[in-house]
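Asker: how would this look folded up:
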Amino acid sequence: MSALAAVLFDMDGTLVDTEVLWWRTTEEIADGLGHRLTDADAPEVVGRAVEDTAAHLVRVSGGGDPYEVVAALTESFFRGVEAGAPMRPGAQRLLTELEAQGVPFALVSASPRVVVDSVVGSSLAHVPFAFTLSADDTTRTKPHPDPYRAAAERLGLAPRACVAVEDSPDGAASAEAAGCAVLVVPSLLVVPASPPRTFAESLEDVTVARLRRCLTAVA
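Answerer: Residues are numbered from 1 along each chain as shown. Coordinates of the predicted model:
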C-alpha cells in the first residue's frame, strides 16, 4: 500500500455544511439583481470562487457591478458562517484518525480569506490543520491547479503523494490537474468520474486506509 504523505481538504460542503448557506446567499443577491436562481445556475455557484459567481450573476441578470456583487456575496455569507456551520457527517472522526496516525492535513479552499478564517474560527477552531489556504493565497483558484500545487509545495511534498478530498466538479478538477489523487464526496453537484478520482457517499465511509488506497489511482 502506498504511503499517504498528507491529506488536503476542501472546506465548503466537504468538512463543513456551508454549501446550502452559500446557495441561499447567492439566491438572495440574485433576487436583488432581478434573477431567479435555478439548478441551471448551480455549476457557476457551487464550488466556485466568489468572483466567478458574481460575474455569472452580473452576466445573467444583465446588470450590477461585479465588485459590488462580490462585496455583497462575501458580507452576506460571512454573517451566516459567523453563527457557526455544522461539520459534515464523519468529518470529525476522520480528522481525529488522521491526527492519531500522524498524517498531516491542510485546508485548501476557494473561499476568500475572510470567510476561511471565520469558518475555521467558529466551526473548526479545534482542528490542528498544518495550514489553511484561501482563494487569496494564489493567483488563480479552483478549478485551476494552483491551490493544490501550492499546498503540496508548502508541505514539501509532491502532489501525487497527497490525497485531496473534494465535493464539487471544480474542486476535483483543481486537485486532479495538480496531480493529486482525489477522493470525491459529492454534496450538491454531480462530479464526473475520471481515473484519478475515487468516490464515497459520505465521510462516514472514509478511513485512513481508504485514503491510502486512493493513491493507487495516480501511481
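Asker: so residue 58 sits in a helix?
Answerer: Yes. Judged by DSSP: H, G, I helix; E, B strand; the rest coil, residue 58 forms part of a helix.
Asker: need the contact list for it.
Answerer: 33, 64, 65, 66, 69 (C-beta atoms under 8 Å, 6 or more residues apart in numbering). In short, each C-beta sits where N, CA and C put it, glycine included.
Asker: Now list the buried members of those residues.
Answerer: Buried by 16 or more other C-beta atoms under 10 Å: 64, 69, out of these.
Asker: Dump the contacts of residue 58 to TSV, plus secondary structure and pLDDT.
Answerer: Converted to TSV, those look like this (DSSP: H, G, I helix; E, B strand; the rest coil; pLDDT from 0 to 100):
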residue	secondary structure	pLDDT
33	coil	94
64	coil	85
65	coil	92
66	helix	93
69	helix	95
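Asker: Identify the farthest-apart pair in the contacts of residue 58.
Answerer: The most widely separated members of the contacts of residue 58, counting by C-beta to C-beta, are 33 and 66 (11.2 Å).
Asker: picking up where we left off before, which one among the contacts of residue 58 gets closest to residue 202?
Answerer: For the contacts of residue 58, the nearest to residue 202 is residue 69 (33.4 Å; C-beta to C-beta).
Asker: How about that closest one: what's its closest non-neighbour residue?
Answerer: Leaving aside its chain neighbours, residue 69 sits nearest to residue 54 (3.9 Å; criterion: C-beta to C-beta, 6 or more residues apart in numbering).
Asker: Quick check: phi and psi on the one you found?
Answerer: phi -60, psi -40 (degrees, to the nearest 10).
Asker: same thing with residue 164?
Answerer: phi -100, psi 140.
Asker: Per-residue pLDDT of it, please?
Answerer: We have a pLDDT of 98 for residue 164.
Asker: That one bridge partners, please.
Answerer: Counting by DSSP bridges, residue 164 forms beta bridges with residue 8, residue 182.
Asker: Return the distance of it relative to residue 65.
Answerer: Applying C-beta to C-beta, to the nearest Å, the value for residue 164 to residue 65 is 34 Å.
Asker: Is the residue nearest to residue 69 in contact with residue 70, as I believe?
Answerer: Yes. At 4.5 Å, residue 54 counts as touching residue 70 under the criterion of C-beta atoms under 8 Å.
Asker: Among the two, which residue is more densely surrounded?
Answerer: Set residue 54 next to residue 70 and count neighbours by other C-beta atoms under 10 Å: residue 54 wins out with 25 against 21.
Asker: can you pull the contacts of that one?
Answerer: Residue 54 touches 66, 69, 70, 73, counting by C-beta under 8 Å, 6+ apart.
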